[in-house]
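S.K.: any chance you can model this:
(2 chains)
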Amino acid sequence: MRGYLSECRLTIPATLDEALGLLAREPGTWTPLAGGTDLMVLFNAGRLQAANLMDLSGLSVLRGIQDHGDALSFGALTTYTELREAPAVHRHFPNLIRSARATGALAIQNRGTLGGNISNASPAADTPPSLLAYGAELELVSARGARRVAYEAFHLGYKRLDLAPDELVARIRVPKSGAGRTFHFFRKVGTRQAQAIAKVCLAAYGRVQDGVLAEFRLGLGSLAPVPARARRVEAVLAGARPGALPIAEAQAALAEDISPIDDIRASARYRSVVARNVLGQLLRELDMIIK
Amino acid sequence: MPDSISLTLKVNGLERTVEAHPFARLLDVIREQLGLTGTKEGCGEGECGACTVLLDGRVVNSCLVPAAQAQGAELVTVEGLEQDGELSKVQSAFLNHNAAQCGFCTPGMLLAATDLLGRCPSPRDGEVRAGLAGNLCRCTGYVKIIDAVREAAEGGAAR
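M.R.: This next block holds a predicted model:
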């Protein structure tokens, strides 16, 4: 059963200030709505509890991809299609392109937004592992001002965010690479390529300089209550030499980084085994980078 | 909060104004207020693509679009594909290949195929599959659908 229309309110603020003012006066009342690809599913299923929706989709200040020289920033309303169509994203952040392609299918990619994907806080979302791997930062705004948080610190627990009731995610800032050779890996394991929700997702970014891994981050999806960095794996690989990576040790560390569950999509055991195997594939590719 | 809002949009080339609940779904406005029942509701959760329409030139799942967000937009439904009584190239190709079985997915397939060929006039097989990946056919008649899209593409069936 669908939600009851008569119990739904929709407000369409004309400016960001108006939106933030309303959030400040009535904190916790309004649920931000952008492309609707998650919220409308809940609404259609009759599971949308907060039926007071604030439509942000017309706020152009929350749109657009900007090049800051050392980073790109994405307005929260940037769609997956806009990501896919941006040459700078292809050049600097190929994992974000793969994430965008892996999300739903075209009709979803035309409507769904990066800010929505983050704020909806699903541990199975497809862009968070890539954002974690690239060390993204979020710009949050409220009537009180703006603040920045590291994306890796944004997810506090299952569907719990470091986001006050009067705050919105305004922009997502992703730093470009430093010197050296870079490595990008994204792998989502789902039932099919389109429309499937991830059973396991790994996204990695590495930078090799003077023969050693100067930087390496691994983002995980569907393997913990939140999108998370694989800190123990990263520690094992810090400063390692491609060509002689401690692959088995890293795979053993992964078991400590993840807490997969049994659910309708996959068993915890399946997720563990597949995550370990995908990590093996990832590290064998990284191992070859200098051969 | 008003009980209804006035929505003006260009529907298959003609400007229309309708009254709708502020949080009505675009799908319901299309079927009920605009009376265009070619657009179907399948899953109601953005998985099946039966409700696919073109909104400002992009495919969307109309079951997931609040109608208020379509204010001022240009909408194309399956009824808008023919021109002056002539079927579009994609529609003719579907007919030639018997690409409709029960027909429920067909309006969405036609719009997804039209969108694909607009972006990519001579798609490879993989591109056809990717272009239709958000549209499910429960009769599983994909082979004929893909053949039809291939025929409608530039270069036609030879590709």
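S.K.: the host helix or strand of residue B:75 near chain A at all?
M.R.: Residue B:75 belongs to strand B:74-76 when assigned by DSSP states H and E. No - using CB under 8 Å from any CB of the partner chain, strand B:74-76 stays clear of chain A, with a minimum separation of 13.5 Å. Every C-beta, even on glycine, is put in place using the N, C-alpha and C of the backbone.
S.K.: that strand pairs with which strands?
M.R.: In the sheet, strand B:74-76 lines up against strand B:5-11 (parallel), strand B:52-55 (antiparallel) (DSSP bridges).
S.K.: tell me which of those sits most buried.
M.R.: Among those, ranked by average contacts under mean count of other CB atoms under 10 Å in any protein chain shown, first place goes to strand B:52-55 (a mean of 26).
S.K.: tell me the domain ranges of chain A?
M.R.: A:5-55, A:60-175, A:181-290 (automatic domain parsing).
S.K.: can you tell me which of those is most buried?
M.R.: Comparing the domains of chain A by mean neighbour count (mean count of other CB under 10 Å), domain A:60-175 comes out on top with a mean of 20.
S.K.: would you work out how far apart the start and end of that one are?
M.R.: This stretch, domain A:60-175, spans 23 Å end to end (CA to CA, to the nearest Å).
S.K.: and chain B, is that domain touching that?
M.R.: Yes - applying CB under 8 Å from any CB, one finds domain A:60-175 touching chain B at A:81, A:104-108, A:110-111.
S.K.: that older thread, can you check which of the domains of chain A gets nearest to residue B:115?
M.R.: domain A:60-175 (7.5 Å; CB to CB).
S.K.: point out where chain B drops to low pLDDT.
M.R.: Along chain B, segments meeting pLDDT under 70 span B:1-2, B:155-159.
S.K.: thinking again about what came up before, among the domains of chain A, which is nearest residue B:54?
M.R.: Residue B:54 sits nearest to domain A:60-175 of all the domains of chain A, at 9.8 Å, using CB to CB.
S.K.: follow-up on the earlier one: helix or strand right after the strand holding residue B:75?
M.R.: Counting by DSSP H and E, what follows strand B:74-76 is helix B:89-96.
S.K.: chain center to that following helix, what's the gap?
M.R.: 15 Å (CA atoms, centre = their mean, to the nearest Å).
S.K.: run through the neighbouring helices and strands of whichever helix or strand comes after that helix.
M.R.: For helix B:89-96, the following helix or strand on the C-terminal side (DSSP H and E) is helix B:106-119. When contacts are defined as 3 or more CB pairs under 8 Å, 6 or more residues apart in numbering or on different chains; DSSP states H and E, helix B:106-119 sits against helix A:106-109, strand B:52-55, strand B:58-61, helix B:89-96, helix B:125-131, helix B:142-152.
S.K.: in the fifth one, what counts as buried?
M.R.: It refers to helix B:125-131. B:128, B:130-131 (16 or more other CB atoms under 10 Å in any protein chain shown).
S.K.: residue contacts, residue B:148?
M.R.: Counting by CB atoms under 8 Å, 6 or more residues apart in numbering or on different chains, residue B:148 makes contact with B:90, B:93-94, B:96-97, B:99, B:113.
S.K.: taking those, please make a ChimeraX selection of just the buried ones.
M.R.: In ChimeraX syntax, the buried subset of the contacts of residue B:148 is picked out as below (16+ other CB under 10 Å):
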select /B:90,93,94,97,99,113
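S.K.: which pair in the contacts of residue B:148 spans the largest distance?
M.R.: Once CB to CB is applied, the contacts of residue B:148 give B:96 and B:113 as the farthest pair, at 13.4 Å.
S.K.: quick one: the helix or strand encompassing residue A:81 to chain centroid distance?
M.R.: Residue A:81 belongs to helix A:80-84 when elements are defined using DSSP H and E. Relative to its parent chain, helix A:80-84 has a centroid offset of 14 Å by CA atoms, centre = their mean.
S.K.: same check on stretch B:15-27?
M.R.: For stretch B:15-27, the distance to the chain centre is 18 Å (CA atoms, centre = their mean).
S.K.: check contacts around the residue lying closest to residue B:10 once chain neighbours are set aside.
M.R.: Leaving aside its chain neighbours, residue B:10 sits nearest to residue B:74 (4.6 Å; criterion: CB to CB, 6 or more residues apart in numbering or on different chains). Residue B:74 makes contact with B:9-10, B:54-57, according to CB under 8 Å, 6+ apart.
S.K.: show the backbone phi and psi for the residue of chain B found nearest chain A.
M.R.: Across chain B, no residue is closer to chain A than residue B:134, which sits at 2.7 Å (CB to the nearest CB). Dihedral angles of residue B:134 (phi, psi; degrees, to the nearest 10) stand at phi -90, psi 10.
S.K.: what sits against the closest residue to it other than its chain neighbours?
M.R.: Excluding the flanking residues, the one nearest residue B:134 by CB to CB, 6+ apart is residue A:105, at 2.7 Å. Contacts for residue A:105 (CB under 8 Å, 6+ apart) come out as A:194-195, B:49, B:133-135.
S.K.: mind exporting stretch A:79-88 as CSV, just the C-alpha atoms?
M.R.: Output in CSV follows, covering the C-alpha atoms of stretch A:79-88 (Å, rounded to 0.1, in the frame of the first residue of the first chain):
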residue,chain,number,x,y,z
THR,A,79,23.2,13.2,-10.4
TYR,A,80,24.9,10.0,-11.3
THR,A,81,24.4,10.9,-15.0
GLU,A,82,26.1,14.2,-14.5
LEU,A,83,29.0,12.3,-12.9
ARG,A,84,29.2,9.9,-15.9
GLU,A,85,29.1,12.8,-18.3
ALA,A,86,31.9,14.9,-16.7
PRO,A,87,35.3,14.4,-18.4
ALA,A,88,37.1,15.6,-15.2
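S.K.: low-confidence ranges in the stretch 151-291 of chain A?
M.R.: Looking at the stretch 151-291 of chain A by pLDDT under 70, you get A:290-291.
S.K.: nearest to residue B:66, of the domains of chain A?
M.R.: So among the domains of chain A, domain A:5-55 is nearest, using CB to CB, at 5.8 Å.
S.K.: quick revisit: ok, so of the residues of domain A:60-175 next to chain B, who is nearest residue A:228?
M.R.: residue A:104 (22.5 Å).
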